[in-house]
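# Structure, please.
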Amino acid sequence: MLSVPTLWTVFVINFLALGLIWAYVMRCYPSFDAARFWTGSASVAAAGAGMATLRVEFPDSLLPLLSGGTALILAICLAAMGIRKFFGQPVSWRNTFLITALSAAGLCFFTFVHDSVPGRMTVFTAAQAMPMVLSLKLLLTSHEGRVNPGARLAGIVTILIMAIFLARWIGAVATMGDSFSYLQFSPTQSVVILVLVFLSMSLNFGFLLMAMDRLRNEVADLALLDDLTGVGNRRYLLQRLTEECARSERSGRPFALLVIDLDGFKGINDTYGHAAGDACLQHFTLMAQTRLRPGDMLARTGGDEFCIVLPSSMLREGAMIARRVLEVCRADAEQCAGNDIPIAASIGVAQWTAEIGLYPDRLIAAADHALYAAKKAGRNGFATHDPSSPPLAPEAASAEMPDAAVRKLA
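Residues are numbered from 1 along each chain as shown. Predicted coordinates:
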């Protein structure tokens, strides 16, 4: 059986390595706040294990064990704070310091005032288990419809660690204090420490999987966003339309799509430069978003073209949103002065129908058809596509368009 001092040394090295890994993650991804707490947790745990190891050098002093135990309690609190930060929950330094301070006071009481191994183990176990129990629900609960695989692993490991804490506490209060007390090294301690070393590595591996899953999702989200305006790009639009078509196919409830084209945008680029054109695109994005409802989605599909997806909406709601967008553009244009560039837009509105089914390109073609009708009628106007008419291909929209009702703002 390995000696307890050797295992404590392994414990220190293990947490130092984990601390370096989390420090590297924290440096590479400064916005990943949870990494800061997990770096602190691993570092404090290494320091606590190092203090406990000093028991070998100072066998007559209990301060190494008390300070090491307090540090390990603080380390678990910091790990729990990292979990809360990862899931967007508020963290409380006050509670962390309160748990740590009360635990230190309890350990000192059952050491210097009333020497009791069961008392020390009760304080130590309760202080370590409390933050872990509070974090367990976050780890095992689904978020946004799914459970993070790393969080599930961390939750299972947390349950195992708490089971060991409970067994150790039962052993301490069942007159087996000498086997579980750090005052006398024993084979029982060796087994407990060895298992805790393995579980601590597994717990941090779960945290790493959580971080990898989060970073992977962020990269995936970036691939679906337009760099200039920050709204969805064409890929995201097609993904969203596919989902909405499938949902409408199942439920029979329609949704609406707006296709928007900024009028005279090429002239803006030619006259004022591309930087001014980019500023106009960003300004239009902000204006349009102020007129959308919760759940509506704005996307830039390329150049000066935008689309708005309106879930659970009919043609009349689409016309209402189109009117709102045009009104805000008109009001903004009336306030332009000096070098300000007025923005005008044409909008085509279409509604999902059973004939469109699972094919979002048909809905886009219908909205494009209406857009060309609005373009033909003039600036600052919108047109709606008649759902009873079959959607035409965009290239055919330059012909006669009897099924597009045109509205124009004065």
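# for the protein, what spans make up the strands?
Per DSSP state E, the chain carries strands over the ranges 256-262, 297-302, 305-310, 345-351, 381-385, 404-408.
# So which of those strands is nearest residue 227?
Nearest of those to residue 227, taken as CB to CB: strand 297-302 at 9.6 Å. For glycine as for every other residue, the C-beta is placed from the backbone atoms N, C-alpha and C.
# hmm, who's touching that closest one?
226, 228-229, 231-234, 236-237, 240, 281, 285, 288-289, 292, 306-309, 311 (CB atoms under 8 Å, 6 or more residues apart in numbering).
# Contacts only, for residue 138.
83-84, 87, 89, 151.
# Any of the residues you listed buried? List them.
In terms of neighbour count (16 or more other CB atoms under 10 Å), the buried residues within the contacts of residue 138 are 83-84, 87, 151.
# Closest to residue 244 out of these?
Nearest to residue 244 among the buried ones among the contacts of residue 138, with distances taken as CB to CB, is residue 87, at 28.3 Å.
# Could you double-check that that closest one sits in contact with residue 143?
Yes. Shown here, residue 87 and residue 143 form a contact pair, counting by CB atoms under 8 Å, at 6.5 Å.
# Can you name the residues that contact the spatially most central residue of the chain?
Nearest residue to the geometric centre of the chain (CA atoms, centre = their mean): residue 214, 6.4 Å. With contacts defined as CB under 8 Å, 6+ apart, residue 214 is in contact with 32, 86, 148.
# among the residues you listed, which are in helices?
residue 86 (DSSP state H).
# quick one: which of the contacts of residue 214 is nearest to residue 360?
residue 148 (30.0 Å).
# what sits against that closest one?
209-210, 213-214.
# With adjacent residues omitted, what lies nearest to residue 344?
Nearest residue to residue 344 in three dimensions, chain neighbours excluded: residue 263, at 4.1 Å (CB to CB, 6 or more residues apart in numbering).
# can you tell me how far the closest residue to residue 18 other than its chain neighbours sits from residue 24?
In this structure, residue 18 finds its nearest non-sequential neighbour in residue 42, 4.0 Å apart by CB to CB, 6+ apart. Using CB to CB, to the nearest Å, residue 42 is found at 12 Å from residue 24.
# Equivalent analysis for residue 170, please.
Distance from residue 170 to residue 24, by CB to CB: 39 Å.
# Going through the contacts of strand 297-302, which ones are buried?
226, 229, 231-233, 236-237, 240, 281, 285, 288-289, 292, 306-309, 311.
# what mean pLDDT does stretch 142-156 have?
The average pLDDT within stretch 142-156 is 87.
# and it, how far apart are its ends?
In stretch 142-156, first residue to last residue: 14 Å (CA to CA, to the nearest Å).
# Flag every buried residue along it.
Buried-residue list, stretch 142-156, by 16+ other CB under 10 Å: 148, 150-156.
# just to revisit the earlier point, tell me which two of the buried ones among the contacts of residue 138 sit farthest apart.
84 and 151 (12.2 Å).
# Might you report the residue contacts of residue 10?
Applying CB under 8 Å, 6+ apart, the residues near residue 10 are residue 197.
# Revised request: answer the last question for residue 312.
253-255, 295.
# Phi and psi next, for it.
The phi and psi torsions at residue 312 (degrees, to the nearest 10) take the values phi 50, psi 50.
# Quickly note the distance from it to residue 323.
Distance from residue 312 to residue 323, counting by CB to CB: 19 Å.
# Can you find the helix or strand of this structure with the lowest average pLDDT?
Here the helix or strand of the chain ranked lowest by mean pLDDT, DSSP states H and E is helix 177-180, holding a mean of 48.
# I'd say residue 99 and residue 131 touch.
Yes. Contact criterion CB under 8 Å: residue 99 and residue 131 qualify, at 6.9 Å.
# which residues do those two both contact?
residue 77.
# Alpha carbons of stretch 266-274, in CSV - could you do that?
Taking C-alpha atoms only, stretch 266-274 is exported to CSV below (Å, rounded to 0.1, in the frame of the first residue of the first chain):
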residue,chain,number,x,y,z
LYS,A,266,-25.0,50.6,-55.2
GLY,A,267,-25.2,54.3,-55.6
ILE,A,268,-24.3,54.8,-51.9
ASN,A,269,-21.2,52.6,-52.3
ASP,A,270,-20.2,54.4,-55.6
THR,A,271,-20.8,57.9,-54.2
TYR,A,272,-19.7,57.7,-50.6
GLY,A,273,-17.5,54.6,-50.5
HIS,A,274,-17.8,51.1,-49.1
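# Quick check: mean pLDDT of it?
89.
# Which of the contacts of residue 138 fall in helices?
Those of the contacts of residue 138 lying in helices (DSSP H): 83-84, 151.
# buried stuff in the longest helix along the chain?
If you go by DSSP H, the chain has its longest helix at helix 187-222. Going by neighbour count (16+ other CB under 10 Å), the buried part of helix 187-222 is 188-190, 192-194, 196-197, 199-200, 202-204, 206-211, 214.
# where does this protein dip in pLDDT?
1-4, 55-60, 175-186, 387-410 (pLDDT under 70).
# okay, now the domains of it?
The record's domain parsing of the chain by automatic domain parsing lists 4-222, 234-408.
# What about residue 335, how many residues nearby?
8 (other CB atoms under 10 Å).
# how about the closest residue to residue 95 other than its chain neighbours, what does it touch?
Leaving aside its chain neighbours, residue 95 sits nearest to residue 77 (8.0 Å; criterion: CB to CB, 6+ apart). Residue 77 makes contact with 95-96, 99-100, 131, according to CB under 8 Å, 6+ apart.
# let's go with 10 Å and repeat that
37, 40-41, 44, 91-93, 95-100, 103, 127-128, 130-132 (CB atoms under 10 Å, 6 or more residues apart in numbering).
# Can you lay out the strands of the chain as JSON lines showing distance to residue 365?
Compiled in JSON lines, the strands of the chain are given as follows (distance: least, CB to CB, whole Å):
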{"stretch": "strand 256-262", "distance to residue 365": "10"}
{"stretch": "strand 297-302", "distance to residue 365": "14"}
{"stretch": "strand 305-310", "distance to residue 365": "13"}
{"stretch": "strand 345-351", "distance to residue 365": "8"}
{"stretch": "strand 381-385", "distance to residue 365": "9"}
{"stretch": "strand 404-408", "distance to residue 365": "12"}
